[in-house]
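S.K.: task: produce atomic coordinates for the following.
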Amino acid sequence: MPLPSSATIRRTLRAAALVCAGTLSWSGSPPPDYIPLNGLPMTSLTSIEAPADLPNVTVDASTRSIRVGVESRPARIVRGSQRLERVVRVPLGGARLELALAPIRRTATFRVVADDVELRHVKVVPGIWTPIRVDLPASLSSQHIVEELITSPEGLVAWSDDRLVRKWPARSRPDVIVISLDTVRPDYLSPYNPKEATPALAAFTKEATRFDQAISVSSWTLPAHESIFTGAYPSIDGGRIDSREPTLAETFADAGYDTFGASGGPFTDSAFGFQRGFASYRDSVPGKHASETTTWALDRMAQASQATPLFVFLNYFDAHEPSTGYTLADWRAMDSRAFRWTTDAVDHLRAAYRHDVASLDREVGRLLDGIRRKRDWDNTIVVIFGDHGQLLGERGMIGHSLRLDEELIHVPLLVKPAGDRRLPSHYVDQVQLTDVFPLALELAGIPTEQASSELDRIARGEPIRALTFAQVRHPASPGLLDSSQWQSESLRLVRTDTVRAERDAEGHLMLTAIGDSGRLLDSAPMPSLFHELDLFEQGSKPEGPLRVRRDVLKQLRSLGYIR
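M.R.: Model (predicted):
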């Protein structure tokens, strides 16, 4: 049975809870493990349309978010002084009011008063978001809360959504940490190749399931991450996340999770809609900054309420080209068809790549150690994946994004469950990056309306899908035509666990064996496999277990193309 759409999942979650305006309360009996994160109404604020010339500020009307500096938050622009009053019923154990302010040009003052007692008085400066957290004491009766922003009549301020965060009791839903290792190949990680030295990931894998045939949907960052965030195959071009479908972050936010994320590279920035569903989302800055990403994430975790589960997404970009010791000009020269590879050149390139992967491993280790100290590690789900790989001199090529070679679409995927959930140490059958969406929800105990458990099939060693698909398109240009990778304007591929069937824009078909140096096979006996590729090209996006027909499966097995 196909998986439910993410929109269906979201409607189910919304129907489960009714969070009354300004309170932490329920209609009916809440699930015993549900700790709500309550967004407060902001309609009484006098918000305005943002002027077009705001310095250091980007307004995204489609996602109702505002980026100040590198950080995006759900927010609005207000002009002049504002006063926001509410009556709030604070639950037993207390709660915390959370918001953030970013004056545009002038310093402003903000104060919070509860029942005529001033709890916070702070100056907020232009150019950055200033988080404001105010503890509200528990009370048997409702409290009158006043938030007052004081600025000049023409002063502009970005004001994020206000939230109430319960401080007690302790959460029971697990934290979910999703870590993207951009451009990292599995064969350069010690969980997949004992000859490599990535000790943090090796130690982590002792608690995780290693997926041996995780396949990306493309060979570059944007569409690969789209598939993680939506659970669906993106368009062949990749692009801004479809606003009609909720993202993984939105789904966790609707389930009561505190959400924050950080992009390491430009193709996972808020410009493409990746900030949707996050209470705060940090865009990338030029260069490689894994250490800054880790420090930022650990600081956010230290500030988060222990009573509320976290959904965290972190994109580490440091393995992306150019590798350590190369300039961008060096990299472009090596990517030219005119470049002549020598054994020394290949060895130097791969050593530089290993250096970058090792630095990522250290940062992942520091992050995981911090989670152990700051949160409940036993009640934390961790998903670590690669979005695509990298050609490192294979067949005289370097880089990614223009082809669908195995080195580019075969990616690492490591998943640590929480609590008493037990999964095998490794899983040998194919999974696609689209599967991370339902897997994360099921691991967290969020209903997905699946007819059968995907995790149970993994635990029993049963296949989730017989076929995986990948695609890429880049219009021809002089620079691309000179690239060593250039093959065709578009490529689409269907993969079993032993063969790959590929078609280019000119209609050329190619069937190759997996794990046999790309040995070409006779495609004539395989019309059914190419028919599956036809369906994929026509927009029939497969999402569920073993969508391929029984007769096709039988044929594939009889020819040895599926184990």
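
S.K.: any stretches of this protein with poor pLDDT?
M.R.: The model of the chain has pLDDT under 70 over residues 1-36, 449-451, 516-520, 522-526, 540-563.

S.K.: cutoff 50 now
M.R.: Low-confidence segments of the chain, defined by pLDDT under 50: 1-34, 543-549, 555-556, 559-563.

S.K.: hmm, what's the outermost residue in it?
M.R.: For the chain, the residue at maximal distance from the C-alpha centroid (C-alpha atoms, centre = their mean) is Asp116, at 42.9 Å.

S.K.: check contacts around it.
M.R.: His144 (C-beta atoms under 8 Å, 6 or more residues apart in numbering). C-beta: built from backbone N, CA, C; applies to glycine.

S.K.: any idea how far it lies from Glu98?
M.R.: Noted for Asp116: a distance of 22 Å to Glu98, by C-beta to C-beta, to the nearest Å.

S.K.: cool, and Gly287?
M.R.: Gly287 is 31 Å from Glu98, where distance means C-beta to C-beta.

S.K.: tell me which of those two has more neighbours.
M.R.: Neighbour count, other C-beta atoms under 10 Å: between Gly287 and Glu98, Glu98 has more, with 22 against 10.

S.K.: hang on, that one packs against Trp129?
M.R.: No: the criterion here is C-beta atoms under 8 Å, and Glu98 misses it with Trp129 at 11.9 Å.

S.K.: in this structure, spot the helix with the most residues.
M.R.: Counting by DSSP state H, the longest helix found in the chain is helix 343-374.

S.K.: and that one, how far from the chain's centre?
M.R.: Centre-to-centre, helix 343-374 and its host chain are 20 Å apart (C-alpha atoms, centre = their mean, to the nearest Å).

S.K.: specify the angle between the helix or strand following that helix and helix 343-374 in degrees.
M.R.: Next along the chain after helix 343-374, taking DSSP states H and E as the criterion, comes strand 380-386. Angle, strand 380-386 to helix 343-374, by axes from the mean of the first three to the mean of the last three C-alpha atoms, to 10 degrees: 170 degrees.

S.K.: by contact count, what packs against strand 380-386?
M.R.: Counting contacts by 3 or more C-beta pairs under 8 Å, 6 or more residues apart in numbering; DSSP states H and E, strand 380-386 packs against strand 175-181, helix 199-205, helix 343-374, strand 413-416, helix 436-443.

S.K.: ok, now with 6 Å
M.R.: The elements that strand 380-386 packs onto, with contact taken as 3 or more C-beta pairs under 6 Å, 6 or more residues apart in numbering; DSSP states H and E, are strand 175-181, strand 413-416.

S.K.: next, the angle from that strand to strand 175-181.
M.R.: 10 degrees.

S.K.: contacts for strand 380-386 next, please.
M.R.: The contact list for strand 380-386 (C-beta atoms under 6 Å, 6 or more residues apart in numbering) reads 174-179, 181, 184, 411-416, 418, 443.

S.K.: likewise for stretch 415-432?
M.R.: Contacts with stretch 415-432, where a contact means C-beta under 6 Å, 6+ apart, come from 174, 207-215, 379-383, 443, 458-459, 463-465, 468, 497.

S.K.: okay, now the domains of this protein?
M.R.: Here the domain parsing of the chain from automatic domain parsing is 38-166, 175-468.

S.K.: chain center to the shortest one: distance?
M.R.: Averaged C-alpha coordinates place domain 38-166 at 27 Å from its chain's average position (C-alpha atoms, centre = their mean).

S.K.: the longest one now?
M.R.: Relative to the chain's own centre, domain 175-468 is displaced by 8 Å; criterion: C-alpha atoms, centre = their mean.

S.K.: list the contacts of Ala102.
M.R.: Counting by C-beta under 6 Å, 6+ apart, Ala102 has contacts Val68, Trp129, Ala158.

S.K.: how near is it to Val125?
M.R.: From Ala102 over to Val125 (counting by C-beta to C-beta), the distance is 9 Å.

S.K.: quick revisit: of the contacts of strand 380-386, which pair is most distant in space?
M.R.: Largest separation among the contacts of strand 380-386 by C-beta to C-beta: Pro174 and Val184, giving 25.0 Å.

S.K.: who has more neighbours, the two?
M.R.: Val184 (28 against 25).

S.K.: hey, what's Ala214 bridged with?
M.R.: Beta-bridge pairing for Ala214 (DSSP bridges): Val411, Val431.
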